[in-house]
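In: This is a predicted model, with the sequence first.
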Amino acid sequence: MRTDRAILWFRQDLRIDDNPALIAGCRHAEVVPCFIWVPEEEGDWPAGAASRWWLHQSLRVLDEQLRQRGSRLIVRAGDSLEVLRELARDAGADAVYWNRRYEPAVVKRDRAVEAALSADGVRVETFNSALLYEPDGIRTKSGQPYQVFTPFWRACTAKRPDEVTAGPARIPGMHTPPKSLKIDELGLLPDVDWAAGMRATWRPGCVGAQERLDTFVAGIVRRYDVDRNRMDIDGTSSLSPHLHFGEIGPRQVWHAVTSVAGKGEEAARVYLAEIGWREFAYHLLVHFPETVRKPLREKFDGFPWRRRKAALSRWQRGQTGYPVVDAAMRQLWHTGWMHNRARMIVASFLTKDLLIPWQDGAAWFWDTLVDADLASNTLGWQWTAGCGADAAPFFRIFNPVTQAEKFDPEGAYIRRWVPELAALPVPWIFKPWEAPKDALASAGVTLGKTYPKPMVDHGEARSAALAAFEAIK
DNA sequence: TGAAATGTTGGGGCG
DNA sequence: ACGCCCCAACATTTC
């Protein structure tokens, strides 16, 4: 017997607009929007500390948004299937809707959940909210998945993403909604409050996401092709955490950007290609799921990485002695985010100057980034390490001094995040170990005391990396 | 979305 | 005027 009541399972789609599962749910007489906190994520990648902080804030905003529309978020914790069964029973619902996710372990779990619910007689329907085009829909002429970005994105840009649907003004809630935990009870916030820098930097949730998109589209996007490389400028979209949690969707971004700039315009084209890299990352994650742990290019299995705890720890804490690397690592620790140019620099430093396995860097990013995303994180690290699809060749080794000179020309980014060097003038701020004694003295810098000496010599490290690469060639 | 080494070119100083 | 050298600027190749 049809109760005409549906459960809407929110996951990484914490928004009202452009949410096809929500629209579908609202065709029923009553909707039960729920979020299920799965501490272990029923897979290998439980949310890191920064992601949990963000999720807490985002759920609160979603709950507010639902309440403004006559509904509320039901929050539970535990095994997904058990909770959904409980909810379906408590609420008397006979349909469950959700938007699809693509992480291998989550796909597996979702398949099992769908099968079990169907067997219970509960109808399940799933949708795409997270991608412009789903990974299965894009194939080479021979039907294979792409392994090179340019032809992949060319195939994508031949299409046009679905239009955006505004969210319902009213969401029909139950008169007596099922029991819910308070968001605070999920224990997502850290015991020791280290999140002040994040609060100052971000506004998690779908409202803040839309605001940031508006700001970006209103101006920043026009200079994106030039400014995106500058670490000292707010020249990027900063939408990554919002996209990760689905507080805004790529379709919304695509339509907003093309409507102001026209996708043929250079700056807009360059920006949309970044959305393309995100799509490509999901494409690779789905078709090469083992790459979250293993290099795609198998010869890298034999690469002579060195696992060194002390060196890894200096990198993590921003104490390498290379100012731009340390600035970036401290920006990450403080704000939960790092400029993409800086990500390439620190990843190159870890994998090539220190020869530490990219997986160790990926794990650190996973725990500290508010935009930690399995697809993008895997692609990014394999790209820099040179072992992934369409990756930078291994011998492409970033020089942390020249990169800073090019993309932080006044040293403002370094000054902001490495205050102990703030009084050093250009060019010494990029390479304090070469500064004359009096320049160091008048800036109050004592190398080895107030700021570390470089932990490796980049020239020597570069040669060592190239020699290591010879071993697997 | 590299950097360094090596090669080429052309202007200018100088005998 | 000429050949020679130096070197900056740019181009190509190599890792």
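Out: Good, I have the coordinates.

In: how about the closest residue to A:Ile220 other than its chain neighbours, what does it touch?
Out: Spatially, and ignoring its direct neighbours in sequence, A:Ile220 is nearest to A:Gly235 (6.3 Å; CB to CB, 6 or more residues apart in numbering). C-beta: built from backbone N, CA, C; applies to glycine. A:Gly235 makes contact with A:220, A:223-224, A:226-229 under the criterion CB atoms under 8 Å, 6 or more residues apart in numbering.

In: let's see 10 Å
Out: Taking CB atoms under 10 Å, 6 or more residues apart in numbering, we find A:Gly235 in contact with A:216, A:220-221, A:223-229, A:339, A:341.

In: what's the answer for A:Arg85, then?
Out: By CB under 10 Å, 6+ apart, the residues touching A:Arg85 are A:79, A:96, A:113, A:116-117, A:120, A:122.

In: tell me the phi and psi of A:Asp79?
Out: phi -60, psi 130 (degrees, to the nearest 10).

In: Would you agree it is in contact with A:Ala116?
Out: No: using CB atoms under 10 Å, A:Asp79 is not in contact with A:Ala116; the gap is 11.1 Å.

In: All the strands of the stretch 1-150 of chain A, in order from the start?
Out: In the stretch 1-150 of chain A, the segments counted as strands under DSSP state E, counting those that start in this stretch are A:5-10, A:30-37, A:74-77, A:95-99, A:123-127.

In: Which among those strands is found nearest to DNA strand B?
Out: strand A:95-99 (25.9 Å; CB to the nearest atom of the strand).

In: chain center to the closest one, what's the gap?
Out: 24 Å (CA atoms, centre = their mean, to the nearest Å).

In: pLDDT of it, averaged?
Out: Throughout strand A:95-99, pLDDT has a mean value of 98.

In: ditto for stretch A:10-27
Out: Mean per-residue pLDDT for stretch A:10-27: 97.

In: Please state the mean pLDDT value computed over stretch A:108-124.
Out: In this model, stretch A:108-124 has a mean pLDDT of 97.

In: Return the set of buried residues in that stretch.
Out: Neighbour-count burial for stretch A:108-124, counted by 16 or more other CB atoms under 10 Å, picks out A:109-110, A:113-114, A:117, A:122, A:124.

In: of all the residues you listed, which comes closest to A:Trp417?
Out: Using CB to CB, A:Arg109 is the member of the buried residues of stretch A:108-124 that lies nearest A:Trp417, at 38.9 Å.

In: can you give me how far the helix or strand containing A:Gly459 is from the chain middle?
Out: Assigned by DSSP states H and E, A:Gly459 belongs to helix A:458-470. Centroid separation for helix A:458-470 versus its chain: 30 Å, with CA atoms, centre = their mean.

In: Show me what that helix packs onto, helices and strands only.
Out: Counting by 3 or more CB pairs under 10 Å, 6 or more residues apart in numbering; DSSP states H and E, the packing neighbours recorded for helix A:458-470 are helix A:400-407.

In: any idea which helix or strand comes after the helix it packs on?
Out: Reading on from helix A:400-407 to the C-terminus, the next helix or strand found by DSSP H and E is helix A:412-417.

In: Next secondary structure after that following helix?
Out: Assigned by DSSP H and E, the successor of helix A:412-417 is helix A:437-442.

In: At the contact with DNA strand C, which residues of the stretch 351-473 of chain A appear?
Out: Within reach of DNA strand C by CB under 7 Å from any atom of the strand, the stretch 351-473 of chain A has these residues: A:393, A:395-396, A:466.

In: Which of the residues you listed fall within helices?
Out: Here DSSP state H is the test, and these give A:Leu466 as lying in helices.

In: Now the strands of the stretch 1-150 of chain A in TSV, please, with extra columns for distance to A:Pro419.
Out: As requested, these are arranged in TSV below (distance: least, CB to CB, whole Å):
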stretch	distance to A:Pro419
strand A:5-10	41
strand A:30-37	38
strand A:74-77	40
strand A:95-99	43
strand A:123-127	47
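
In: closest one to DNA strand C among those strands?
Out: strand A:95-99 (42.8 Å).

In: Return the list of strands paired to that closest one, each annotated with direction.
Out: Sheet pairing here is set by DSSP bridges, and for strand A:95-99 it gives strand A:5-10 (parallel), strand A:123-127 (parallel).

In: From these, pick the one with the highest average neighbour count.
Out: strand A:5-10 (a mean of 25; mean count of other CB atoms under 10 Å).

In: Distance from the chain centre to it, please.
Out: 26 Å.

In: Dump that strand to CSV, restricted to CA.
Out: In CSV, the C-alpha atoms belonging to strand A:5-10 read as follows (Å, rounded to 0.1, in the frame of the first residue of the first chain):
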residue,chain,number,x,y,z
ARG,A,5,5.9,9.3,1.8
ALA,A,6,9.6,9.4,0.7
ILE,A,7,13.0,9.5,2.3
LEU,A,8,15.5,11.8,0.8
TRP,A,9,19.0,10.6,1.7
PHE,A,10,21.4,13.6,1.7
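
In: Compute the inter-axis angle for that strand and strand A:30-37.
Out: Strand A:5-10 and strand A:30-37 meet at an angle of 30 degrees, taking axes from the mean of the first three to the mean of the last three CA atoms, to 10 degrees as the criterion.

In: Who's the closest spatial neighbour of A:Pro135, skipping the chain neighbours?
Out: Spatial nearest neighbour of A:Pro135, excluding adjacent residues (CB to CB, 6+ apart): A:Val286 at 3.9 Å.

In: and after the strand or helix carrying that neighbour, which helix or strand comes next?
Out: Per DSSP H and E: A:Val286 is located in helix A:266-287. Next helix or strand after helix A:266-287 toward the C-terminus (DSSP H and E): helix A:309-317.

In: ok so, going back, just put the strands paired with strand A:95-99 in TSV and tack on distance to DNA strand B.
Out: Formatted as TSV, these follow (distance: least, CB to the nearest atom of the strand, whole Å):
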stretch	distance to DNA strand B
strand A:5-10	30
strand A:123-127	28
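
In: burial measure for the closest residue to DNA strand B within the stretch 201-350 of chain A, as a count.
Out: Residue nearest to DNA strand B within the stretch 201-350 of chain A (CB to the nearest atom of the strand): A:Trp277, separated by 4.8 Å. Look at A:Trp277: counted by other CB atoms under 10 Å, it has 18 neighbours.

In: what does A:Thr402 give?
Out: Counted with other CB under 10 Å, residues neighbouring A:Thr402 total 13.

In: With DNA strand B as the reference, measure out to it.
Out: Look at A:Thr402 and DNA strand B: by CB to the nearest atom of the strand, to the nearest Å, they are 4 Å apart.

In: can I assume A:Ala471 is in contact with A:Pro304?
Out: Yes: when contacts are counted by CB under 10 Å, A:Ala471 is listed as touching A:Pro304 (5.7 Å).

In: domain parsing for chain A?
Out: Here the domain assignment for chain A is A:5-128, A:131-163+A:205-287, A:298-470, based on automatic domain parsing.

In: Identify the residues contacting the nearest residue to A:Glu434 once chain neighbours are set aside.
Out: Excluding the flanking residues, the one nearest A:Glu434 by CB to CB, 6+ apart is A:Trp428, at 6.8 Å. By CB under 10 Å, 6+ apart, A:Trp428 lies in contact with A:323, A:411, A:421, A:434-436, A:439-440, A:443, A:445.

In: Please name whichever of the domains of chain A is nearest to A:Leu188.
Out: Ranking the domains of chain A by proximity to A:Leu188 (CB to CB) places domain A:5-128 first, at 3.9 Å.
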